[in-house]
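Engineer: below are the sequence and a predicted model; questions follow.
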Amino acid sequence: MTGTNRYRVVRWVIAVAAFVLLHPASSRGVEPAAETPAERMAAMGFIRYRGAWRTAQEIELMERDEASHRASRQWFGRLERLRRSLDKASATRAAEEIREISDPFAVAALASAVTTEPVFQVRSWYLESLARIRTPDALMVLVATALDHVDRETRIAATEQLVRIGPHQAVPILASALTSADNAQVNRAAEALGRLGDRSAIVPLIAALETNHMVMTAGPAEGSTSATFTPAGGGLFMGGGPKKKIVSVRNDRVLEALVALTAANFEWDAAAWQAWLINERALPADFDPRRG
């Protein structure tokens with residue numbers, strides 16, 4: 001083949017290749033291959049992840065939640081090791097590490113430890129760390145401890161930590177407990193509110209001076225009757241077992257909290273407390289009773 005003919009063949013091959021590249025199969029009357037379901041999902045932006053099609057944002061949220069859960073679980077082991085170190089020669093250093101915890105992922109482990117720890121001093125260190133963390137979750141653990149821990153000194157210690165981080169944050173939650181069906185919880189909430197020293201609790205405390213609670217009476221309710229049948233015949237029988245009864249209870253801790261917050265004492269007279277509150281709100285902020 002001469003050089004001229006070889007040149008013509010090369011040009012022809014290049015032209016054919018260019019035609020194939022520039023003209024897809026559909027333009028030559030050839031149907032394109034059918035798109036698979038996987039290709040359609042990928043085209044819509046979905047990614048195959050752990051056996052399901054998910055968006056990139058969904059995958060990111062899943063991985064973030066899993067990382068948070070792992071970090072939280074790791075703190076259970078770490079806090080347990082620190083607790084064991086308190087009984088060893090390294091006790092001082094371990095105590096310092098506990099009191100310096102500031103990782104939000106430690107909240108769950110600290111909450112569990114406050115509940116199960118038998119030594120008050122160690123519980124107080126856990127509470128100190130929760131106050132340092134200051135996340136909403138940490139705040140809720142402190143409030144729950146101040147309200148319901150079985151040990152009164154621990155409740156007081158939790159309340160002191162709430163004062164440290166800002167009592168106004170805990171007042172609405174504790175005030176809501178003043179409406180509890182459990183009278184003991186009402187009084188524990190009042191005690192904590194009195195220690196917090198935030199006067200925004202005065203209104204709900206006045207409303208909780210006396211609260212109504214459902215109790216079970218051991219004997220029959222007065223005037224109740226029930227039918228009874230014996231071998232001698234039927235008849236009416238007074239009583240019929242334990243009965244539910246609503247009782248009104250005066251809450252001593254509520255009164256103590258009101259006295260602490262107001263420096264006044266109208267005892268159980270809710271109307272007098274309300275009148276005092278109206279008068280207090282009507283006075284100018286710079287009013288000094290010593291000057292009239």
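Structural biologist: It's in. The shown structure was predicted, so the numbers you read here are calculated from the model rather than taken from an experiment.

Engineer: tell me where the stretch 151-292 of the chain has helices.
Structural biologist: 152-165, 171-176, 183-196, 202-207, 252-262, 270-282 (DSSP state H, counting those that start in this stretch).

Engineer: just say which of those helices is most tucked in.
Structural biologist: helix 183-196 (a mean of 22; mean count of other CB atoms under 10 Å). Just so you know, the C-beta spots here come from the backbone N, C-alpha and C atoms, and that holds for glycine as well.

Engineer: that one packs against which elements?
Structural biologist: helix 136-148, helix 152-165, helix 171-176, strand 210-217, helix 252-262 (3 or more CB pairs under 8 Å, 6 or more residues apart in numbering; DSSP states H and E).

Engineer: state the mean pLDDT of it.
Structural biologist: Confidence for helix 183-196, expressed as mean pLDDT, is 96.

Engineer: sorry, back to before: let's have the helices of the stretch 151-292 of the chain in a markdown table, adding distance to residue 79.
Structural biologist: Output for these, formatted as a markdown table (distance: least, CB to CB, whole Å):
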| stretch | distance to residue 79 |
| --- | --- |
| helix 152-165 | 17 |
| helix 171-176 | 25 |
| helix 183-196 | 26 |
| helix 202-207 | 36 |
| helix 252-262 | 33 |
| helix 270-282 | 45 |
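
Engineer: out of these, which is closest to residue 132?
Structural biologist: Of all those, helix 152-165 sits nearest to residue 132, with 8.7 Å by CB to CB.

Engineer: circling back: can you put the helices and strands packed on helix 183-196 in TSV and add mean pLDDT?
Structural biologist: Converted to TSV, the helices and strands packed on helix 183-196 look like this (pLDDT from 0 to 100):
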stretch	mean pLDDT
helix 136-148	96
helix 152-165	96
helix 171-176	96
strand 210-217	86
helix 252-262	96
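
Engineer: can you redo these as CSV with distance to residue 90?
Structural biologist: Listed next are these as CSV, based on distance: least, CB to CB, whole Å:
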stretch, distance to residue 90
helix 136-148, 26
helix 152-165, 24
helix 171-176, 38
strand 210-217, 50
helix 252-262, 42
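
Engineer: right, and the ones you listed - which one's nearest residue 59?
Structural biologist: From these, taking CB to CB, the stretch that ends up closest is helix 136-148, at 25.0 Å.

Engineer: using CSV, list the CA coordinates for that closest one.
Structural biologist: Output in CSV follows, covering the C-alpha atoms of helix 136-148 (Å, rounded to 0.1, in the frame of the first residue of the first chain):
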residue,chain,number,x,y,z
PRO,A,136,-30.3,20.7,78.9
ASP,A,137,-29.8,17.0,79.7
ALA,A,138,-27.5,17.7,82.6
LEU,A,139,-29.9,20.3,84.0
MET,A,140,-32.7,17.8,83.9
VAL,A,141,-30.6,15.3,85.8
LEU,A,142,-29.9,17.9,88.5
VAL,A,143,-33.6,18.9,88.8
ALA,A,144,-34.6,15.2,89.0
THR,A,145,-32.0,14.6,91.7
ALA,A,146,-33.1,17.7,93.7
LEU,A,147,-36.7,16.6,93.4
ASP,A,148,-36.7,12.9,93.9
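
Engineer: how far off helix 183-196 does that helix point, in degrees?
Structural biologist: Interaxial angle, helix 136-148 versus helix 183-196 (axes from the mean of the first three to the mean of the last three CA atoms, to 10 degrees): 120 degrees.

Engineer: chain center to helix 136-148, what's the gap?
Structural biologist: 8 Å (CA atoms, centre = their mean, to the nearest Å).

Engineer: try stretch 111-125
Structural biologist: 19 Å.

Engineer: still on that earlier bit, closest to residue 202 out of the helices and strands packed on helix 183-196?
Structural biologist: helix 252-262 (5.6 Å).

Engineer: what about that closest one, distance to the chain center?
Structural biologist: 28 Å.

Engineer: please work out which residues outside it touch it.
Structural biologist: 178, 186-188, 190-191, 193-194, 197-199, 201-202, 205-206, 208-209, 264-265, 267-268, 273, 276, 280 (CB atoms under 8 Å, 6 or more residues apart in numbering).

Engineer: likewise stretch 129-147?
Structural biologist: 98-104, 106-108, 110-111, 114, 127, 154-156, 158-159, 161-162, 164-165, 169-170, 173-174, 177, 185, 188-189, 192.

Engineer: returning to that earlier point: for residue 53, find the nearest of the helices of the stretch 151-292 of the chain.
Structural biologist: helix 171-176 (41.9 Å).
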